[in-house]
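Participant: Dropping the sequence and predicted coords here.
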Amino acid sequence: MAQRHERYLRLNAAGEAHMFVILDGGHPVGSIGYWNLDWHDEPAFETGWFVLPEAQGRGIASQALAALIDDARAHRGERRMLTACPSVDNLASNGVCRRNGFTLHGTFTTTFRDADLTVNDWALDLSEG
């Protein structure tokens, strides 16, 4: 956990990522962020989030993503797309993408935490809206 936090601080300081705590009533219930990557050979951002189980199912992730989209648009520079790659089995996170206007571009399999994971390839055009 400490190494992950140090990495987030380092990436934030370098301007390569923007990481945020998700609050509910002033209490931390998760995290969300975005970072630089190349998506289909174009500079883009990727986003990811986590909400504690006891705070899930109340729209908190969708609200956090909506706020993050505003921030990503304000800091996009040359990056036009914001991508997200939730597991195909994570219905809640796929719904968060859909509710926030992302377009599904297909699926692919990648290695995550030393295991194969099939994910959906969602993207949102930051130049629109």
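Facilitator: Good, I have the coordinates. Small disclaimer: the values here were computed from a predicted structure and weren't measured. Residues are numbered from 1 along each chain as shown.
Participant: Tell me where this structure has helices.
Facilitator: Ranges of helices within the chain are 2-13, 60-74, 91-99, based on DSSP state H.
Participant: could those be laid out in JSON lines, adding distance to E46, mean pLDDT and mean neighbour count?
Facilitator: C-beta coordinates here come from the backbone N, C-alpha and C atoms, glycine included. As requested, those are arranged in JSON lines below (distance: least, C-beta to C-beta, whole Å; pLDDT from 0 to 100; neighbours: other C-beta atoms under 10 Å):
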{"stretch": "helix 2-13", "distance to E46": "12", "mean pLDDT": "73", "mean neighbour count": "11"}
{"stretch": "helix 60-74", "distance to E46": "10", "mean pLDDT": "97", "mean neighbour count": "18"}
{"stretch": "helix 91-99", "distance to E46": "12", "mean pLDDT": "97", "mean neighbour count": "17"}
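Participant: tell me the mean pLDDT for the longest strand along the chain?
Facilitator: As assigned by DSSP state E, the longest strand anywhere in the chain is strand 27-39. The average pLDDT within strand 27-39 is 94.
Participant: Can you name every helix or strand that it contacts?
Facilitator: Here strand 27-39 touches strand 17-24, strand 42-51, helix 60-74, strand 81-84, going by 3 or more C-beta pairs under 8 Å, 6 or more residues apart in numbering; DSSP states H and E.
Participant: sorry, back to before: okay, the helices of the chain in a markdown table with distance to W122 next?
Facilitator: Formatted as a markdown table, the helices of the chain follow (distance: least, C-beta to C-beta, whole Å):
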| stretch | distance to W122 |
| --- | --- |
| helix 2-13 | 22 |
| helix 60-74 | 11 |
| helix 91-99 | 4 |
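Participant: Out of these, flag the one nearest A84.
Facilitator: Nearest to A84 among the helices of the chain is helix 91-99 (5.2 Å), distances taken as C-beta to C-beta.
Participant: List the neighbours of the closest one that are in contact with it.
Facilitator: 49, 56-57, 61-62, 65, 84, 86-88, 104, 120, 122 (C-beta atoms under 8 Å, 6 or more residues apart in numbering).
Participant: Dump these to CSV, plus distance to D24.
Facilitator: Formatted as CSV, those follow (distance: C-beta to C-beta, whole Å):
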residue, distance to D24
W49, 13
Q56, 11
G57, 12
A61, 11
S62, 13
L65, 14
A84, 21
P86, 21
S87, 24
V88, 27
L104, 28
N120, 26
W122, 24
